[in-house]
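Trainee: Whatever this is, show me its structure:
(2 chains)
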2 protein chains.
Amino acid sequence: MRKLLPLLVLLSFAAAQAQQKTLSGYTKEAAERQLSAEEKFDSYLTPTNLDTWMKRLAGRPHHLGSAYGKQNAEYMRDLFKSWGYDAQIETYKVLFPTPKVRQLELVGPTRFTAKLTEPAFKEDATSGQVKEQLPTYNAWSADGDVTAELVFVNYGVPADYDQLERMGIDVKGKIVIAKYGGSWRGIKPKVAQEHGAIGCLIYSDPEGDGYYQGDVYPKGSFRPYQGVQRGSVQDMPIYPGDPLTPGVGATEDAKRLDRKVATNLLKIPVQPISYADAQPLLAALGGPVAPEGWRGALPITYHVGPGAAKVHLKLSFDWKMVDCHNVIAKLQGSELPDQWVVRGNHHDAWVNGANDPISGMVALMEEARAVGELVKTGWKPKRTLIYCAWDGEEPSLIGSTEWVEHHAAELQQKAVAYINSDSNGRGFLDAGGSHTLETLMDEVSRDVADPQTGISVRDRQLAYRAANAPNAKAKKDALDQRKLTLDALGSGSDYSPFFQHLAIPSLNLGYGGEDNGGEYHSIYDSYDMYVRFKDPKFAYGIALAKTAGRATLRLANAEVLPFDFKAFYKTVNGYMGEVTALLDNLRESTAVENQLIQNKTYVLASDPNIKYIPPTPKDAVPFLNFSALQNALAGLEKATTLFADLRAANTVPNTNLKQLNEILYRAEQKLMADTGLPRRTWYRHTIYAPGFYTGYGVKTLPGVREGIEQRTWQEAQEQIDIAAKALERYTKEVEAASRILMMR
Amino acid sequence: MRKLLPLLVLLSFAAAQAQQKTLSGYTKEAAERQLSAEEKFDSYLTPTNLDTWMKRLAGRPHHLGSAYGKQNAEYMRDLFKSWGYDAQIETYKVLFPTPKVRQLELVGPTRFTAKLTEPAFKEDATSGQVKEQLPTYNAWSADGDVTAELVFVNYGVPADYDQLERMGIDVKGKIVIAKYGGSWRGIKPKVAQEHGAIGCLIYSDPEGDGYYQGDVYPKGSFRPYQGVQRGSVQDMPIYPGDPLTPGVGATEDAKRLDRKVATNLLKIPVQPISYADAQPLLAALGGPVAPEGWRGALPITYHVGPGAAKVHLKLSFDWKMVDCHNVIAKLQGSELPDQWVVRGNHHDAWVNGANDPISGMVALMEEARAVGELVKTGWKPKRTLIYCAWDGEEPSLIGSTEWVEHHAAELQQKAVAYINSDSNGRGFLDAGGSHTLETLMDEVSRDVADPQTGISVRDRQLAYRAANAPNAKAKKDALDQRKLTLDALGSGSDYSPFFQHLAIPSLNLGYGGEDNGGEYHSIYDSYDMYVRFKDPKFAYGIALAKTAGRATLRLANAEVLPFDFKAFYKTVNGYMGEVTALLDNLRESTAVENQLIQNKTYVLASDPNIKYIPPTPKDAVPFLNFSALQNALAGLEKATTLFADLRAANTVPNTNLKQLNEILYRAEQKLMADTGLPRRTWYRHTIYAPGFYTGYGVKTLPGVREGIEQRTWQEAQEQIDIAAKALERYTKEVEAASRILMMR
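Mentor: Now for the predicted structure:
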């Protein structure tokens, strides 16, 4: 008998692993049923479908308002229908500017006319579809015809203007040239405009995604000399979507603003350019040599200007109304049809968009198809599933925003969660979202195998984090971390309206990190590029379908929704630590800086031959009263601990189950502040927001954090109290949920 | 009366400041005399002399063995004589290879022949003196004719080879190309050879000192496309000087080694090249893309190789014996002629060398001339002054090393200190040396005004350090620091034989930081370049004369030599903290790394499409017994505190003054270990040495530190005990000095 034991142990290991798998929100029996349904679901997933659909959807340019985009929507609608969904196209009327005139010249000291075009390559079949391609431009640039001296402003973020001030350089009346990176692109012209610039160029330095990073397309995957990053420069941190209909759906008969008063539109012209076009402009700059951190990988001495280089920029746009076609495919829930799990990806692209967004779109489609197959076997989702293909994401999350604004009241009642994806590629799981969903995603990522290594995508991500931690201490901490953690979400994809406008618990999922390239928002984001450099066999497309599919199906069929409030508490408590440290560090650094300024230390340390304007001392940083937040967090800790203890058994209450679930999925909505964030009322989540000066980059506890960063102390104090009240409302929901559990 | 007071206070401020000035080692009265002599000394200093002499000395190429170098030596000797010195030329016979054949070609996949020449510019009068210029080469390269695949090895330091190993790349039988920077140049071929490479190219990446840093010569001061950095690649961390006569002076009849057995000579050919010559070679490389930190500023994708690019390197040299002419100018001490203060700068250059070394040389000359003037007024140095102009520094500190080795016995008896300078330019005081001299240099730097700001050079340096400290905490600490601190000395100039071979207290002084350029060791280091970009009016040349002059004269005339043993103790105690932290951190990081390796974390975190060889686990880091050092330092603290207390009054003992001073200046020699450092017996100072794998970069407590870094635990333990014994011997000297003071 003894000799058999090791073999027995081995044989039963896989089975035991499977048996031991718990699913939050599921009883043991329900979990077994769910896991077996997932096994079937996986078996339906077929990579060649992704290949076929990508070839079709990315076959021609399909931006918002394009004929091919509409055809794509109809194509997808028909597919969803064929898979058993109630699918339809919901169309909004939205503003979308496209270029009429684009002209950029160096007019002194020498002359040069920028090409502003991307050449076709014979290695790339779709790169020559010139007639249908949107030209290189930044959507929402103002019309303009300006001639002025040029100033190089590095990334064009506020810190760069501080540095310009130290150099005695003012951009008032100048045209600035900023490089991509360091912030979301829309921040660059916004900050330039705030500083009085009259025009803005944004170029792709080869250091960012060009030859510095790797061989350029078509030899390698990185941005070629004439490659340009298109993109929106709407002031999305104010509000996204159609600028004429903030807060309401852009239906045919919606009330519309005059474009002139839309607060998220720029007043200055902005044009993106390639590094081939940028080099002659930058090489012509005079003025001081750029600070070391500003220099890129062009073979020139980077100067800041102004002087010598003078440019003429002329842009005008066709400010037309276009149709924005969302595909909405529903699968009615068998038990709880009024509880919706919403899953989406956008379908519009800047040009062909094989990677952005089709790689994510085709994974979503295959996921939906496999669910349809599952239904054919008799399996049913308890809750309603809604698969969405958004239009107009690229210009400014338009399709999703208008749909969310249009259906806001219903979503606030019914939406359990929104699960987003966008571009997808080879590598590591990138998962962000509401921290109430962290445990769900930990279990999902535990159960999906990485296509390349065979270990779970969770363990591969944890390995990545440990291997890349910056020092021994951080590596040690990372080794001890055995659970997946979710990143906080800023903006940049269609979760924003769900998450930050309505506070619907959201996730954003994708794979990447081993598929780097420089095709982003260029004509080279093509099928040919994708299958050479991104996810050649669509293995990660399948992994995304498995991951997002599991998240969707587990939310759809959980008896008690797997919301982990304690994980949320822990995370927010961490943010609280961050903002208090931020204030303390700011106090210390302000005191030291002021002393250095008063001692003339910076002046004495600077080269008298180089212009240097010392900063002026800043007001001392006060102590703020954090007690409201501290008390709110203490209350939240207590409530979430009780709830976690009550949920530990994963049992199902006999009564009030529907009510319990409603409390669970609506709790996050209590984190909304009616007033929204300062100067941007559309953003109402008190815990997560895109940064006012970072764009895509997240700010957690945004009102408090940005109040401190911007040194608006009174506002920071008010926001502490607003965030505390939000957490108190949320705590009450958690307590209500616990009361139901205690009634069992 | 009251009204007059503020004016009175103002008027007397300057005088009061002067009166309050204390000079360590001087009674109040002596200090007043000394300060008044220094005032006179300052008044003699004339910038136009520096200009005239630089024009003359840098007028033609004057490398070791050149006709013009000999003429310069004679010219200086005659000047010293005219200023009242007993000056003569001391000549040694030394080995000095110069190129016969230099050939470098890319032979595949395409063909390219490197130019290996620097073009003359019409803006630079001496750049066309082709016949007398040494060609671009690395002195002490081996002869060789090799053809092999090329591998890019970043800086070519040991950590880079670790990274190559991770990529599965072996340089055995290959030719490597390394960029300048990251270590002293001689380390690059040494480490390449250790790894089996058969040839080495070293190129100046434009990121280092080319267009990335600023406009290139002659428009700006940075290295032009064809500019090349010549330089020695002797294995100077083994021993410097003539490789045939280690440890003894290279006199006519010295016993010489066969060149084949000299342990500091390479076996592989090495050639420095410009970035214009490097670009086609680097662009032809295949293999993986270079890690981000390896990439430079050329407009190419940096690959590592090997494969594709194959190069042919053919070098042969004329291994001839040449005359090495040191100029030695003595001014006999009036009271203590057998106590010598030695002051030196080299006079040989790679080509014209206006900056390196003539900028320092002419400051030394003006200093010596002003001392001569002072003597004419009746002032006399108590101790003997010896001004030296060294030859052959560039190939390997030859002139100074041979002289020191030749006169070692006498120097050990008589040398109070050695004060070195080398290149000099505009900016901040850069002062390094024995920490016993820290207080002396604090007082000197307090008393020299910065030419640009008028504050003391000490305060300007402190301002620089505070302004450039990396964070608020470090800035705060820097603001609290009101005393000048000396950097520890590694190598790279003529102090090495004095300091590290004989442990004679040494200083290395210079100004710079606002005179950056890319002329280093090229034909563009010219008078024309210097007066445009370095120190146009020789104001910092004068500041150097004032600084080094004060250090020299204060040492010459101090009643009790101003050695601050307590400053030395504090500094070494800091090093002790560093080496224990180094061991602890290494232990922690080794444990974590081993765990990551054993968990396969690195493999799982790496892209399966890119070759990755995980490291092998390292032996766990043991605890070492530091008690001997700790006890020695405790003893030293006690002894130096007592000595400092006894010296606080700055009084002069009645008896044994000569003996006291001898103890003071010879104490540092007790820090020598007879056995020298492991594998390099020439280096005998137990506290300071150039790093075995950094070259110029210093290693403090070198035996202990390198033992830990190289994981030779037993050796590290032995070195702890050797350093402890050295400190104990030193402590005895401090105690002996205190005993004399107590006898007063």
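
Trainee: how about low-confidence regions in the stretch 301-450 of chain A?
Mentor: For the stretch 301-450 of chain A, applying pLDDT under 70 flags no range at all.

Trainee: Show me the domain layout of chain A.
Mentor: Domain ranges of chain A: A:61-94+A:322-557, A:96-318, A:565-742, per automatic domain parsing.

Trainee: can you map out the strands along the stretch 301-450 of chain A?
Mentor: A:310-331, A:336-346, A:383-390, A:415-421, A:427-433 (DSSP state E, counting those that start in this stretch).

Trainee: among the domains of chain A, which is nearest residue B:609?
Mentor: Closest to residue B:609 of the domains of chain A, according to Cβ to Cβ: domain A:61-94+A:322-557, at 7.1 Å. For glycine as for every other residue, the C-beta is placed from the backbone atoms N, C-alpha and C.

Trainee: and the helix ranked longest in chain A, what other elements does it pack with?
Mentor: Determined from DSSP state H, the single longest helix within chain A is helix A:565-598. On a contact count with 3 or more Cβ pairs under 8 Å, 6 or more residues apart in numbering or on different chains; DSSP states H and E, helix A:565-598 meets helix A:438-446, helix A:627-647, strand A:698-700, helix A:702-709, helix A:713-742, helix B:472-480.

Trainee: can you list contacts of the helix or strand just after it?
Mentor: Next along the chain after helix A:565-598, taking DSSP states H and E as the criterion, comes helix A:601-605. Helix A:601-605 is contacted from outside by A:595-596, A:612, A:614-615, B:453, B:455, B:459-460, B:463-464, B:466-468, B:479, using Cβ atoms under 8 Å, 6 or more residues apart in numbering or on different chains.

Trainee: and those, which are buried?
Mentor: A:596, B:453, B:459, B:460, B:463, B:464, B:466, B:467, B:479 (16 or more other Cβ atoms under 10 Å in any protein chain shown).

Trainee: Format those as CSV; extra columns: pLDDT, secondary structure and distance to residue A:542.
Mentor: Formatted as CSV, those follow (pLDDT from 0 to 100; DSSP: H, G, I helix; E, B strand; the rest coil; distance: Cβ to Cβ, whole Å):
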residue, pLDDT, secondary structure, distance to residue A:542
A:596, 97, helix, 57
B:453, 97, coil, 67
B:459, 97, helix, 67
B:460, 97, helix, 64
B:463, 97, helix, 61
B:464, 97, helix, 58
B:466, 97, helix, 57
B:467, 97, helix, 55
B:479, 94, helix, 59
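
Trainee: Distance to residue B:694 added to those, as a markdown table?
Mentor: Output for the buried ones among the contacts of helix A:601-605, formatted as a markdown table (distance: Cβ to Cβ, whole Å):
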| residue | distance to residue B:694 |
| --- | --- |
| A:596 | 32 |
| B:453 | 33 |
| B:459 | 31 |
| B:460 | 28 |
| B:463 | 29 |
| B:464 | 24 |
| B:466 | 27 |
| B:467 | 27 |
| B:479 | 30 |
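
Trainee: Among these, which one sits closest to residue A:119?
Mentor: Within those, proximity to residue A:119 (Cβ to Cβ) peaks at residue B:467, which comes in at 47.7 Å.

Trainee: Count the residues that sit near the spatially closest residue to the closest one that is not a sequence neighbour.
Mentor: Leaving aside its chain neighbours, residue B:467 sits nearest to residue A:605 (3.6 Å; criterion: Cβ to Cβ, 6 or more residues apart in numbering or on different chains). Applying other Cβ atoms under 10 Å in any protein chain shown, we find 21 residues neighbouring residue A:605.

Trainee: just residue A:380 next, same as before
Mentor: Neighbour number of residue A:380 under other Cβ under 10 Å is 15.

Trainee: OK, contacts around it?
Mentor: Residue A:380 sits next to A:333, A:334 when contact means Cβ under 8 Å, 6+ apart.

Trainee: please redo it, this time with the cut-off set to 7 Å
Mentor: residue A:334 (Cβ atoms under 7 Å, 6 or more residues apart in numbering or on different chains).

Trainee: Pull up the gap between it and residue A:340, please.
Mentor: Residue A:380 sits 15 Å away from residue A:340, going by Cβ to Cβ, to the nearest Å.

Trainee: Near the closest residue to residue A:143 other than its chain neighbours, how many other residues are there?
Mentor: Nearest non-adjacent residue to residue A:143, counting by Cβ to Cβ, 6+ apart: residue A:316, 4.6 Å away. Residues lying near residue A:316 (other Cβ under 10 Å) number 17.

Trainee: what does residue A:714 give?
Mentor: With other Cβ under 10 Å as criterion, residue A:714 counts 10.

Trainee: what does the stretch 301-450 of chain A put close to chain B?
Mentor: Neighbours of chain B within the stretch 301-450 of chain A, by Cβ under 7 Å from any Cβ of the partner chain: residue A:301.

Trainee: can you tell me the residue of the stretch 301-450 of chain A closest to chain B?
Mentor: Nearest to chain B, among the residues of the stretch 301-450 of chain A, is residue A:301, at 4.8 Å (Cβ to the nearest Cβ).

Trainee: doesn't residue B:210 make contact with that residue?
Mentor: No. With contact defined as Cβ atoms under 7 Å, residue A:301 does not count as touching residue B:210 (8.9 Å).

Trainee: Grab the most central residue of chain A for me.
Mentor: Closest residue to the average C-alpha location of chain A: residue A:492 at 3.6 Å, with Cα atoms, centre = their mean.

Trainee: Give me the nearest residue to that residue, chain neighbours excluded.
Mentor: residue A:696 (3.9 Å).

Trainee: ok, that neighbour - contacts?
Mentor: Residue A:696 neighbours (Cβ under 7 Å, 6+ apart): A:184, A:490, A:491, A:492, A:690.

Trainee: Wasn't residue A:545 part of a helix?
Mentor: Yes. With DSSP: H, G, I helix; E, B strand; the rest coil as the criterion, residue A:545 is located in a helix.

Trainee: who in the stretch 501-650 of chain A is up against chain B?
Mentor: Counting by Cβ under 7 Å from any Cβ, the stretch 501-650 of chain A sits next to chain B at A:514, A:585, A:588-589, A:592, A:595-596, A:601-602, A:604-605, A:607-608.
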